[in-house]
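In: kindly return the folded structure for what I paste below:
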Amino acid sequence: MPKTLLIADDEELTLSLLREVFSSPDIRLYTASSGNEAISIVDQNEVDVVLTDIMMPGVDGLGVLMHAKKVHPKCEVILMTAFATVESAVEAMKLGAFHYITKPFKVVAVENLVGRALELTSIRKENIHLKTHAIRHYTFENIIGLSEPIRQVLDLVQKVAATDSTILVLGESGTGKELIARAIHYNSNRADRILVPVNCSAIPAELLESELFGHVKGAYTGAHIERTGRFEMANRGTIFLDEIGEMSPPLQAKLLRVLQDQSFIPVGGTKTVNVDVRVVAATNKELEKEIAAGRFRQDLFFRLNVIPILIPPLRDRIEDVPVLLDHFLHKWYHKTGRHHPGFRPEAMDALMRYSWPGNVRELENLVERLVVLKPEGWFEKGDLPPAMQGGGAARIDAVFDFDAGGIDFRETMGAFEDHLLAHALELSKGNRNKAANLLGLKRTTFLEMLKRKNLNRRELSEP
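Out: Predicted structure coming up:
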């Protein structure tokens, strides 16, 4: 579907120039020489972006802005004027303008600005197109679990979703932090706006600032064009900052300013960009320990930790395992057409005894693996990876001494995980890929666990 652009200016020379600049098979272009004509076009057509002069006979550019926003709330309006004042710029932004440009302007500057606005509306259209599916997929009922710990999490999510409060989602890798973040967004008042996810650990530190806040042309070597940052893309929507604990201290300081002021300056730029963004952050690290070690700013932690949501690990809600297994079996049935009745009692018993260090992600990976390797029939205990087959109740009783007045469950499970990780590394002679495969884990999950438990020894050989 082509993007639609309306250009309104009472100066024929400017209008002719812009008509030539934006004539493209990808753009459905409308032009108007007055505010009244522009309003008529807006009333009769779906318009993505309006580029309008402020000073025009009849209805001025601010009037066009207000009318366009009323008729097409999701369209973006860029204002042009030769009479730039701080007051008019502030007024335009308050009324919902995408940006403000002064005459005389460089053609490339207008091209970049309109291009960014068209890109944003295109993303938003796709987001709206998927909204019905997304909201259905991320309703609270579709976050799988019947246990009391997960129900408490969902009760809290339901209470805070409709607010604009900053949320900090805490939990081990694989517990479903992004799923919770999406549930918050799609059940909020911003559900019809875009959700922009950013994995702070997946982007090199030197590029993350530009990724978040954008950059101007020439800001650094290789910055050949102006780029819109994720915060600006998320304007009036939600940004999800995953693995926030991996962000460098200098960038943490800039993020703190954004949370405080809802504004920022792109890399290499001089103009402030104002945004209205809800922030949901997530981490699998204990940020209090990171603060004590000097790796995370305490003031940023206070800003992010307005409403903390702690997602319990799967071992703390083990009664959800059968429900999750059934859910993922149905999911893979729809993907592959392979029907499996389920797990034999011996197999289910082994899975209920397993500690699930990789949490729900590990469980889903297990189901995928089993469905791929076994086209049909019940899953037997022998179908499970060796690490999951376990040894039964007698073996558990032999390892842990309950006669001494009980045990600390979390401490014991943590020690058991340490033993599994160390034993897998020993069997694989330090090869991390092989060790992860022995445990049925992804390499990234395995490495995260080694790092979290300080087992990432230098002497272990790389694969």
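In: now for this structure, the helix or strand with the poorest mean pLDDT.
Out: helix 392-399 (a mean of 41; mean pLDDT, DSSP states H and E).
In: just checking, what packs against the next helix or strand after that helix?
Out: Following helix 392-399 in sequence order, the next helix or strand is helix 409-427 (DSSP states H and E). Packed against helix 409-427 by the contact rule (3 or more C-beta pairs under 8 Å, 6 or more residues apart in numbering; DSSP states H and E) you find helix 432-438, helix 443-452. To be clear about C-beta, it is placed using only N, CA and C from the backbone, and glycine gets the same treatment.
In: what does the shortest one contact?
Out: With C-beta atoms under 8 Å, 6 or more residues apart in numbering as the contact definition, helix 432-438 has outside contacts at 385-387, 421, 424-425, 427-428, 442-443, 445-447, 450, 460, 462-463.
In: buried residues in it?
Out: Residues 432, 435-438 are the ones in helix 432-438 that count as buried (16 or more other C-beta atoms under 10 Å).
In: centre of the chain to that helix, how far?
Out: Computed by C-alpha atoms, centre = their mean, to the nearest Å, the chain-centroid distance of helix 432-438 equals 28 Å.
In: pLDDT of that helix, averaged?
Out: For helix 432-438, the mean per-residue pLDDT is 80.
In: alpha carbons of it, as PDB, please.
Out: Written as PDB, here are the backbone C-alpha positions of helix 432-438 (Å, rounded to 0.1, in the frame of the first residue of the first chain):
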ATOM      1  CA  ARG A 432      30.600 -24.900  26.200                       C
ATOM      2  CA  ASN A 433      28.600 -26.000  23.200                       C
ATOM      3  CA  LYS A 434      28.800 -29.700  24.100                       C
ATOM      4  CA  ALA A 435      28.000 -28.900  27.800                       C
ATOM      5  CA  ALA A 436      24.900 -26.800  26.700                       C
ATOM      6  CA  ASN A 437      23.700 -29.700  24.500                       C
ATOM      7  CA  LEU A 438      24.100 -32.200  27.300                       C
END
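In: out of the helices and strands packed on helix 409-427, nearest to Ser263?
Out: Taking C-beta to C-beta, helix 443-452 is the member of the helices and strands packed on helix 409-427 nearest to Ser263, at 34.0 Å.
In: give me the helices and strands touching the closest one, please.
Out: Judged by 3+ C-beta pairs under 8 Å, 6+ apart, the packing partners of helix 443-452 are helix 409-427, helix 432-438.
In: from the chain's centroid, how far away is the first one?
Out: Meaning helix 409-427. Relative to its parent chain, helix 409-427 has a centroid offset of 31 Å by C-alpha atoms, centre = their mean.
In: so for it, what gets flagged as buried?
Out: Buried-residue list, helix 409-427, by 16+ other C-beta under 10 Å: 413, 416-417, 420-421, 424-425.
In: okay if I get those residues as CSV plus distance to Ile144?
Out: Shown next, in CSV, are these (distance: C-beta to C-beta, whole Å):
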residue, distance to Ile144
Met413, 22
Phe416, 25
Glu417, 23
Leu420, 25
Leu421, 27
Ala424, 28
Leu425, 32
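In: so which of the residues you listed is the closest to Ile244?
Out: Nearest to Ile244 out of these is Glu417 (C-beta to C-beta; 24.2 Å).
In: wait, isn't the closest one in contact with Gly358?
Out: No. Judged on C-beta atoms under 8 Å, Glu417 makes no contact with Gly358 at a distance of 10.3 Å.
In: what do the two both touch?
Out: Common contact partners of Glu417 and Gly358 (C-beta under 8 Å, 6+ apart): Met449.
In: coming back round to it: mind putting the helices and strands packed on helix 409-427 in CSV, distance to Phe328 included?
Out: Putting the helices and strands packed on helix 409-427 into CSV (distance: least, C-beta to C-beta, whole Å) gives the following:
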stretch, distance to Phe328
helix 432-438, 20
helix 443-452, 17
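In: closest to Thr221 out of those helices?
Out: With distances scored as C-beta to C-beta, the stretch of the helices and strands packed on helix 409-427 nearest to Thr221 is helix 443-452 (30.4 Å).
In: and that closest one, what's buried?
Out: Neighbour counts using 16+ other C-beta under 10 Å place 445-450, 452 of helix 443-452 among the buried residues.
In: among those, which has the minimum pLDDT value?
Out: Among the buried residues of helix 443-452, Arg452 has the lowest pLDDT, at 77.
In: for it, give me its contacts.
Out: Counting by C-beta under 8 Å, 6+ apart, Arg452 has contacts 172, 284-285.
In: tell me the spacing between it and Val198.
Out: 22 Å (C-beta to C-beta, to the nearest Å).
In: all helices of the stretch 251-400 of the chain, in order?
Out: 287-292, 298-304, 321-336, 345-353, 359-373, 386-389, 392-399 (DSSP state H, counting those that start in this stretch).
In: may I see those helices arranged in JSON lines, with distance to Glu37 and mean neighbour count as well?
Out: Output for those, formatted as JSON lines (distance: least, C-beta to C-beta, whole Å; neighbours: other C-beta atoms under 10 Å):
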{"stretch": "helix 287-292", "distance to Glu37": "56", "mean neighbour count": "15"}
{"stretch": "helix 298-304", "distance to Glu37": "47", "mean neighbour count": "17"}
{"stretch": "helix 321-336", "distance to Glu37": "52", "mean neighbour count": "16"}
{"stretch": "helix 345-353", "distance to Glu37": "68", "mean neighbour count": "16"}
{"stretch": "helix 359-373", "distance to Glu37": "56", "mean neighbour count": "18"}
{"stretch": "helix 386-389", "distance to Glu37": "70", "mean neighbour count": "16"}
{"stretch": "helix 392-399", "distance to Glu37": "79", "mean neighbour count": "11"}
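In: out of the ones you listed, flag the one nearest Thr4.
Out: Among these, helix 321-336 sits nearest to Thr4 (C-beta to C-beta), with 36.9 Å.
In: what sits up against the closest one?
Out: Residues outside helix 321-336 that contact it (C-beta under 8 Å, 6+ apart): 144-146, 314, 338-340, 342-343, 348, 351-352, 356, 360, 363-364, 367-368, 371-372.
In: in this structure, which helix is the longest?
Out: If you go by DSSP state H, the chain has its longest helix at helix 107-129.
In: buried ones in that helix, by neighbour count?
Out: 110, 112-118, 120-121, 124, 127.
In: for the nearest residue to Asn274 once chain neighbours are set aside, which residues are in contact?
Out: Nearest residue to Asn274, sequence neighbours excluded (C-beta to C-beta, 6 or more residues apart in numbering): Ser263, at 4.7 Å. Going by C-beta under 8 Å, 6+ apart, Ser263 touches 257, 272-275.
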